[in-house]
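K.L.:
Build me a model:
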Amino acid sequence: MNKQIQLPITKEIANDLRVGEFVLLSGHMYVARDAAHKRMMETIEKREPLPFEIKNSTIYYMGPSPARDGRPIGSAGPTTASRMDKYAPTLLDMGETAMIGKGKRSSAVVDAMVRNSAVYFAAIGGAGALLSKAIVSSEVIAYEDLGAEAIRKIEVKDFPVIVVIDSQGNNLYESAIKEYCTLECERKTS
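P.N.:
This next block holds a predicted model:
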């Protein structure tokens, strides 16, 4: 059964999510990739305000393709999250509570998630056209000069994700491998 969550995700909501759960997100989130994260870090170092409220924010690591007729956005698949790992602990310490991407995260990110009661979701890679159908609106709010890597505020309805690392540090990438190996060993010995 899918959990339905209305954004923003608070620490209380993040603490209630468990690794492996399927979640449908609705509400506003932000889109930012490598170049936008680098620019946000430069902004933080200058002690200037970020272009959006980071507290209780959800950032989707995605670079959209151009919108088709009548749609707010083109293909909207996730990008590899590890490329944001050098920036994520700082943003988590500032109040970010959820990230969406694909792939593994570093131990520094997982530690920051546990320290700050945050969650990491995976969106299905290769399903960008399908994921774009859950995006109701899209607006560039900062760093327009970065093109597809500009920061966007998007509104989603029933955006499908999976909890892959929960606020306790449980990691589906690790537990699924262990479970597979156990099942495979049992199969070979029977």
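K.L.:
Compute the number of surrounding residues for the nearest residue to S106 once chain neighbours are set aside.
P.N.:
The shortest distance from S106 to any non-neighbouring residue, by CB to CB, 6 or more residues apart in numbering, is to D85 (4.4 Å). Bear in mind the C-beta positions are built from the backbone N, C-alpha and C, glycine included. Each residue near D85 was counted by other CB atoms under 10 Å, and the total is 19.
K.L.:
show me the contacts for D85.
P.N.:
Applying CB atoms under 8 Å, 6 or more residues apart in numbering, one finds that D85 lies in contact with R105, S106, A108, V109.
K.L.:
what do you get if the cut-off is 10 Å, keeping everything else the same?
P.N.:
Each residue near D85 by CB atoms under 10 Å, 6 or more residues apart in numbering is listed here: H37, G103, K104, R105, S106, S107, A108, V109, V110, A112.
K.L.:
tell me which element the residue most central in space within the chain is part of?
P.N.:
Nearest residue to the geometric centre of the chain (CA atoms, centre = their mean): I100, 1.3 Å. Taking DSSP states H and E as the criterion, the element that holds I100 is strand 98-101.
K.L.:
do E174 as well
P.N.:
helix 172-189.
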